[in-house]
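Asker: Have a look at this prediction, sequence included:
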Amino acid sequence: MLQQPIQSTIDLGNGQVITIETGRLARQADGAVTVRQGNCILLATVCATKEPKEGQDFFPLSVDYMEKFASAGRIPGSFFKREGRLNDYEILISRLIDRALRPLFPEDYLCEVQVIITLVSSDPEIMPDSLACLAASAALAVSDIPIKEVISEVRVARVDGKFIINPLRSELAKADMDFLIGATSKNLMMVEGESKQCSEEDFIKALEIAHDAIRKQIIAQEDLRSKVGVSVMRDYPKPLHKEEVKEKVYAFAKDKVLTIARSASSKNDRSVAFDALKKDIVASFGEEVAAEDIKLAKKYYEELKWDVVRDMIVDERVRLDGRKLDQVRPLNMEVDVLPSPHGAALFTRGETQSLTTITLGTPLDELLIESAATSDYSKFILHYNFPPYSTGEVKFLRGPGRREVGHGNLALRSLKQMMPGNDYPYTVRVVSDILESNGSSSMATVCAGSLALMDAGVPFAKHVSGVAMGLITRPADGKYAILTDILGDEDHLGDMDFKVTGTRDGICGIQMDIKIDGLSMETMREALEQARKGRLTILDSMYDCISSPREEVKPHAPRMVKLFIDKEFIGAVIGPQGKIIQEIQRETGATINIEEVGNQGEVSIFSKAKDGLDKAVAWIKGIVSVPEEGEVYEAKVKSIMPYGAFVEFLPGKQGLLHISEVSWKRLETLEGIMKEGDSVKVKLIGVDHKTGKFKLSRKALIAKPEGGPGQTN
């Protein structure tokens, strides 16, 4: 018999309540909860091994968020009709949860932990991603898996000037700020989101409001944990430690590490020097040393580098490459660097380089983005590639991993803030290939993408740049250093990875991970201001490279014309079973897309050849044109009759050219005068509005011979 479920509730205000429940589902997991808001229900489970694998020296945490299509009463559209690998949206949510959870575990905890969050019931108005991290944390809270503290996560959005916690989907569609924020009761842990050029102070306010809501959710989790009766964390094996080995490594190498760190050399030279020093350390132990001591020596060497470099930066205010704390690396950028893509830019910042291309497509190239609750099409696509040669490594080439998906998403959400509205007819694909990497390649993608979009002639409102910030703290004396445009090594040894993108007028995107306890709002303000200055420095160089979008797309890019027609003519343009539109596309080489917008039809015509574009436009205009009496038309003879010829004077519109209207001379027959397929210029001289028949004349366009035989109406 099932035990009685244990619950805890959270009141979000405005009648919204979140219920956390445990004890009913997945009871063999180390921890399992359901989180419910409205009809949205998430099941979160966590399991951990009792001991780490032999020889393991890292913490193996895996987090998977997945949405079951059955949760929304849908069947997957794949061939197998079942859910497959995680889609990009699920990967992004998994990454967000992972980044928030990882710092919670003790540094010496190396047992494998698996967290799985599943959407089992969907609500069309509730965003499940804002509940997913709460569910994961609650599952850990009701388990005996060792964690240092409980966290939670909320979405905060600004709608019509008002901040809302966990807005409904319909509210979020109107928001100009949208951030997911994870935190403990005291400290921020993770931020990810976008905005339409918000100010730094607006962002700080959003953080403060979100943190207040998070504290309420943490209290609810602690209440649930208390009701379950979890009071003691399980014990776990600690990694081997030998103080005498550590002391020997520090004594032998500390000064040498500092010398290398102060050399201001390149990434490659620094890496070679550090590797050589590692070999010297191993050699200093002699030949009779135990293998485990050598392994520990290498571990302590990495810890030594971490300590020495951090102290150097904090005390000497100088960095590994010799820069000042707030200095951006040398910039170099070019546009129009490739002949065939529709737009291209090469952006280099220090030892980080992105080659980014733009492809302009038609509405038929839109990307279908599906989740359990939604199916949307996107006309703006960004793909980020990180080949192994960018870091001088040899690896198998596989599909994009979670890192690539996450970095690409940050660039996409930043650039889309300045993209033209839905009336822009092109589907735009941005592809960033990272050719070199030492420091934030996602920020290089933002900068290169902005340049390439302007090079392609996309009406991109303003340049968007990005900069990655770092933070190094020393709690012992309260000193810290905020770093602008961090290197890869600085990212590894720092306490914060803070990426900020935006225009000269405000923030467009943010991604932040904090690895320490305690980040005051004043420190956050200082970091944001330093990031703003770095962003503006990069923007100045970008505007020097290309200051505004090209007035026209490249000659080899598809041309586009958009027509708006009366709704009643949509069927005439398409034709029975698509016959007419297919004929137009076949004859002109153009691609045509028609959408119904209100009481109008929106016709987008794309063609790489100007002649084909003009021909398609004229054809469609002819179909939708209303014949006007007295107008002159270029007609084509469709059939010959004893009494005259039927001619098509507009696409799909035929009229009778009576034999008496062909010439001022009396004609007995049209034989030898005209034949099927001939072109003839005619004037519309009459319309029978009851029958819809048109009366045409050729002789009305010919001067009447003076004194000659003639025939009048």
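Answerer: Good, I have the coordinates. Here the structure is a predicted model, which is why all the values come from computation and not from measurement.

Asker: CA atoms for contacts and neighbours, from now on please.
Answerer: OK.

Asker: longest helix of this structure?
Answerer: Identified as the longest helix of the chain according to DSSP state H is helix 200-228.

Asker: who does that helix touch, helix- and strand-wise?
Answerer: If you count contacts as 3 or more C-alpha pairs under 8 Å, 6 or more residues apart in numbering; DSSP states H and E, helix 200-228 packs onto strand 6-13, helix 129-141, strand 152-159, strand 162-165, strand 175-183, helix 521-545.

Asker: switch to 6 Å and redo it
Answerer: Judged by 3 or more C-alpha pairs under 6 Å, 6 or more residues apart in numbering; DSSP states H and E, helix 200-228 is in contact with no other helix or strand.

Asker: Neighbours of the nearest residue in space to residue 527 that is not next to it in sequence, how many?
Answerer: Once flanking residues are discounted, residue 527 sits nearest to residue 482: 6.4 Å by C-alpha to C-alpha, 6 or more residues apart in numbering. By other C-alpha atoms under 10 Å, the residues close to residue 482 number 25.

Asker: what helices or strands is the host helix or strand of residue 482 leaning on?
Answerer: Taking DSSP states H and E as the criterion, residue 482 maps to strand 479-484. Packing contacts for strand 479-484, counted by 3+ C-alpha pairs under 6 Å, 6+ apart, involve strand 465-474.

Asker: Who are the packing partners of the strand it packs on?
Answerer: helix 441-455, strand 479-484, strand 496-503, helix 521-545.

Asker: quick one: the second one to chain centroid distance?
Answerer: Taking C-alpha atoms, centre = their mean, to the nearest Å, the mean C-alpha location of strand 479-484 is offset from the chain mean by 29 Å.

Asker: List the buried residues in it.
Answerer: Under the neighbour-count criterion of 16 or more other C-alpha atoms under 10 Å, strand 479-484 has 480-484 buried.

Asker: got the CA coordinates for that strand in CSV?
Answerer: What follows is strand 479-484, C-alpha atoms only, in CSV (Å, rounded to 0.1, in the frame of the first residue of the first chain):
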residue,chain,number,x,y,z
LYS,A,479,40.3,41.6,-2.2
TYR,A,480,38.9,40.8,-5.6
ALA,A,481,39.6,41.5,-9.3
ILE,A,482,37.0,41.9,-12.1
LEU,A,483,38.4,40.9,-15.5
THR,A,484,37.2,42.1,-18.9
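
Asker: Could you pull up the mean pLDDT of it?
Answerer: What strand 479-484 shows for mean pLDDT is 93.

Asker: Pull the distance from stretch 640-647 to the chain's centre.
Answerer: 61 Å.

Asker: Looking at the helices and strands packed on strand 465-474, which one is packed in the most?
Answerer: Among those, the stretch with the highest mean neighbour count (mean count of other C-alpha atoms under 10 Å) is helix 441-455, at a mean of 30.

Asker: Contacts for that one, please.
Answerer: Here helix 441-455 makes contact (C-alpha atoms under 6 Å, 6 or more residues apart in numbering) with 343-345, 347, 356, 407, 411, 432, 463-467, 549.

Asker: That helix vs helix 521-545, what angle?
Answerer: Orientation check (axes from the mean of the first three to the mean of the last three C-alpha atoms, to 10 degrees): helix 441-455 against helix 521-545 gives 40 degrees.

Asker: what's the angle between helix 441-455 and strand 496-503?
Answerer: Interaxial angle of helix 441-455 relative to strand 496-503 (the same axes, to 10 degrees): 10 degrees.

Asker: if we can go back for a sec, as TSV, the buried residues of strand 479-484 with distance to residue 249 would be great.
Answerer: Output for those, formatted as TSV (distance: C-alpha to C-alpha, whole Å):
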residue	distance to residue 249
480	26
481	27
482	29
483	29
484	32
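
Asker: which of those residues lies closest to residue 524?
Answerer: Closest approach between these and residue 524, by C-alpha to C-alpha: residue 482, at 9.9 Å.

Asker: Let me see the contact set for residue 114.
Answerer: Residue 114 makes contact with 46-47, 61-62, according to C-alpha under 6 Å, 6+ apart.

Asker: Could you rank those by neighbour count and give me the top one?
Answerer: Neighbour-wise, the contacts of residue 114 (other C-alpha under 10 Å) top out at residue 46, 27 neighbours.

Asker: so what's that residue up against?
Answerer: Contacts of residue 46 by C-alpha under 6 Å, 6+ apart are 30-31, 114-115.

Asker: Out of these, list just those in strands.
Answerer: Counted as lying in strands by DSSP state E, out of those, are 31, 114-115.

Asker: Tell me what angle the longest helix of the chain forms with strand 152-159.
Answerer: Going by the same axes, to 10 degrees, helix 200-228 is angled at 140 degrees with respect to strand 152-159.

Asker: centre of the chain versus whichever helix or strand comes after helix 200-228, how much separation?
Answerer: Next helix or strand after helix 200-228 toward the C-terminus (DSSP H and E): helix 243-262. Distance of helix 243-262 from the chain centroid (C-alpha atoms, centre = their mean) equals 43 Å.

Asker: With stretch 581-600 instead?
Answerer: The answer for stretch 581-600 is 30 Å, by C-alpha atoms, centre = their mean.

Asker: got it, and stretch 323-339?
Answerer: That offset, for stretch 323-339, works out to 23 Å (C-alpha atoms, centre = their mean).

Asker: gap between the two ends of that stretch?
Answerer: Taking C-alpha to C-alpha, to the nearest Å, the first and last residues of stretch 323-339 lie 36 Å apart.

Asker: Residue 348 bridge partners, please.
Answerer: As for beta bridges, residue 348 partners with residue 332, residue 353 under DSSP bridges.

Asker: thinking again about what came up before, quick one: which of the ones in strands among the contacts of residue 46 is nearest residue 282?
Answerer: Closest to residue 282 out of these is residue 114 (35.6 Å), distances taken as C-alpha to C-alpha.

Asker: which intervals of the stretch 401-550 of the chain have sub-threshold pLDDT?
Answerer: Low-confidence segments of the stretch 401-550 of the chain (pLDDT under 70): 517-518.

Asker: what's the pLDDT at residue 207?
Answerer: pLDDT for residue 207: 93.

Asker: separation between residue 662 and residue 682?
Answerer: Taking C-alpha to C-alpha as the measure, residue 662 falls 9 Å from residue 682.

Asker: Mutual contacts of these two, please.
Answerer: Common contacts of residue 662 and residue 682, defined by C-alpha under 6 Å, 6+ apart, comprise residue 698.

Asker: So which bits of stretch 681-699 are buried?
Answerer: 682-685, 687, 694-699.

Asker: Looking at the residues you listed, which are in strands?
Answerer: Reading strands off these with DSSP E, I get 682-685, 687, 694-697.

Asker: Which of the contacts of residue 114 sits closest to residue 289?
Answerer: Checking those against residue 289 by C-alpha to C-alpha gives residue 61 as the nearest, at 32.9 Å.
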